[in-house]
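Chemist: For reference, the sequence and a predicted model appear below.
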Amino acid sequence: MLPEVEVWLRERTTASADWPVGALLAAKRAHAATISVVLPARNEAETVGDIVAAIRRDLREEVPLVDELVVVDSRSTDGTAEVALRAGAKVFAQDEILPALGRLDGKGDVLWKSLAVTSGDLLVFVDADLREFRTSYVTGLLGPLLADPSVVFVKGSYDRPLRDAQEAGGRVTELVARPLLNMHWPLLAGFVQPLAGEYAGRRPVLERLPFATGYGVELGLLIDLLEAEGLGALAQVDLGRRVHSHQSTEDLGVMAGQIMHTAWARLDRQCKMVPLHAPAAELTQFARGEAGHLPVARDISIGERPPMRDVPDYPGHHRPTPNPETQPTL
């Protein structure tokens, strides 16, 4: 590990318990900041309601920390939107946000579009498939942002047990994302969970970033943030334990392919390689049928949305940007 990463680990890694909600509320008021929490969701009716209800109860009704609680529904067919609405969230359909820009697929598109339907100065993203959810996930991610104006982005870290098993989850992280980062962006080697779906950032910074539309969105954001803001502007918070639904090996293969496409695009953009061909957009997997193993083709191509500030229809163009240098800290 690079010496500067060792220093970063000591100085920029905290735990959710380090950030009591009362101190965060005082800092929020001192900053005159507004906070939006966003849940991207696709067919998560089983879990999204409990997450929304907990945030509404703990961080809106008991303590007025969160100003806006939004679920962006990605073409669910299981009643996710209805469950989230009943639990107390604002709910938006992915394809109804900025429809003139056309339809793209993937989690990254949902996250990008959430910028257009929220107004908070600070945004917290939380995956909608979490079980045993605790609102300390939200408060932990907000802590470094409210405490230090030089921090622009905070990533969650945690233990990820596989359900009904002793071994850890995060297989794509360990087999694909971590090797890529260590090889090509070693300054990011200190992130425990680089693909974590729980993170928070300042709106003006997020507005300046492109968003990969597939599963590579988290990796792409980290790499682009490192280039744009530097390692010292990034932080991570230990959120404890994260339990969620796990995907099949075949689906993880698609995720890995999209992450590799995202890394390829940034290696090319940052002139870290000389591409001699375009990567294939198709992944061939195999399923056993009556005649033996049959090939199954899966699309692993990704799109990319431009920085939101460059979108003419973006409502945020009319919102003033606060100067972080004039804001008090905890």
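Modeler: Happy to help now that I have it.
Chemist: Could you confirm G240 falls within a strand?
Modeler: Yes: looking at G240 with DSSP: H, G, I helix; E, B strand; the rest coil, it is inside a strand.
Chemist: what sits against the residue nearest to it when sequence neighbours are not counted?
Modeler: Counting by CB to CB, 6 or more residues apart in numbering, G240 lies nearest to Y158, which is 5.8 Å off, once chain neighbours are set aside. For glycine as for every other residue, the C-beta is placed from the backbone atoms N, C-alpha and C. Contacts were defined as CB atoms under 8 Å, 6 or more residues apart in numbering; by that measure Y158 touches V192, Q193, A196, E198, D238, L239, G240, R241, R242.
Chemist: 6 Å instead, please
Modeler: L239, G240, R241, R242 (CB atoms under 6 Å, 6 or more residues apart in numbering).
Chemist: Next one, pLDDT for the third one please.
Modeler: We have a pLDDT of 87 for R241.
Chemist: from what I can see it touches G156, true?
Modeler: No: the pair R241 / G156 is not scored as a contact, 11.4 Å apart, by CB atoms under 6 Å.
Chemist: Show me which of the two is the more surrounded one.
Modeler: G156 (27 against 10; other CB atoms under 10 Å).
Chemist: same question for stretch 190-206, mean pLDDT?
Modeler: 97.
Chemist: again but with stretch 116-135, I slipped
Modeler: 96.
Chemist: which among the contacts of Y158 gets closest to M308?
Modeler: Closest to M308 out of the contacts of Y158 is L239 (26.5 Å), distances taken as CB to CB.
Chemist: for the stretch 101-250 of the chain, what spans make up the strands?
Modeler: Residue ranges of the strands in the stretch 101-250 of the chain, as given by DSSP state E, counting those that start in this stretch, are 122-125, 130-131, 153-159, 199-202, 211-212, 234-241, 243-244.
Chemist: Point out the most buried one among the ones you listed.
Modeler: Each of those was assessed for mean neighbour count using mean count of other CB atoms under 10 Å. The highest is strand 211-212, with a mean of 29.
Chemist: other SSEs contacting that strand?
Modeler: If contacts are counted by 3 or more CB pairs under 6 Å, 6 or more residues apart in numbering; DSSP states H and E, strand 211-212 sits against helix 107-114.
Chemist: before we move on, back to that, figure out which of the strands of the stretch 101-250 of the chain is closest to E250.
Modeler: Among these, strand 243-244 sits nearest to E250 (CB to CB), with 18.2 Å.
Chemist: Per-residue pLDDT of the residue nearest to G240, please?
Modeler: On the pLDDT scale, Y158 gets 93.
Chemist: do you know how far the spatially most central residue of the chain is from I35?
Modeler: With distances taken as CA atoms, centre = their mean, G197 lies nearest the centre of the chain, 4.1 Å away. Counting by CB to CB, to the nearest Å, the separation of G197 from I35 is 18 Å.
Chemist: re the thing from before, dump the contacts of Y158 to TSV, plus distance to L226.
Modeler: Below are the contacts of Y158 laid out as TSV (distance: CB to CB, whole Å):
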residue	distance to L226
L239	21
G240	26
R241	27
R242	23
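Chemist: Sort out which residues of the longest helix that the chain contains are buried, please.
Modeler: Longest helix in the chain by number of residues (criterion: DSSP state H): helix 249-269. Across helix 249-269, burial judged by 16 or more other CB atoms under 10 Å covers 252-267.
Chemist: about what we covered before: to K113, which of the strands of the stretch 101-250 of the chain lies closest?
Modeler: strand 211-212 (9.0 Å).
Chemist: And the nearest residue in space to S157 that is not next to it in sequence, its phi and psi?
Modeler: Nearest residue to S157, sequence neighbours excluded (CB to CB, 6+ apart): V192, at 3.6 Å. Reported as degrees, to the nearest 10, the phi and psi values for V192 are phi -70, psi -40.
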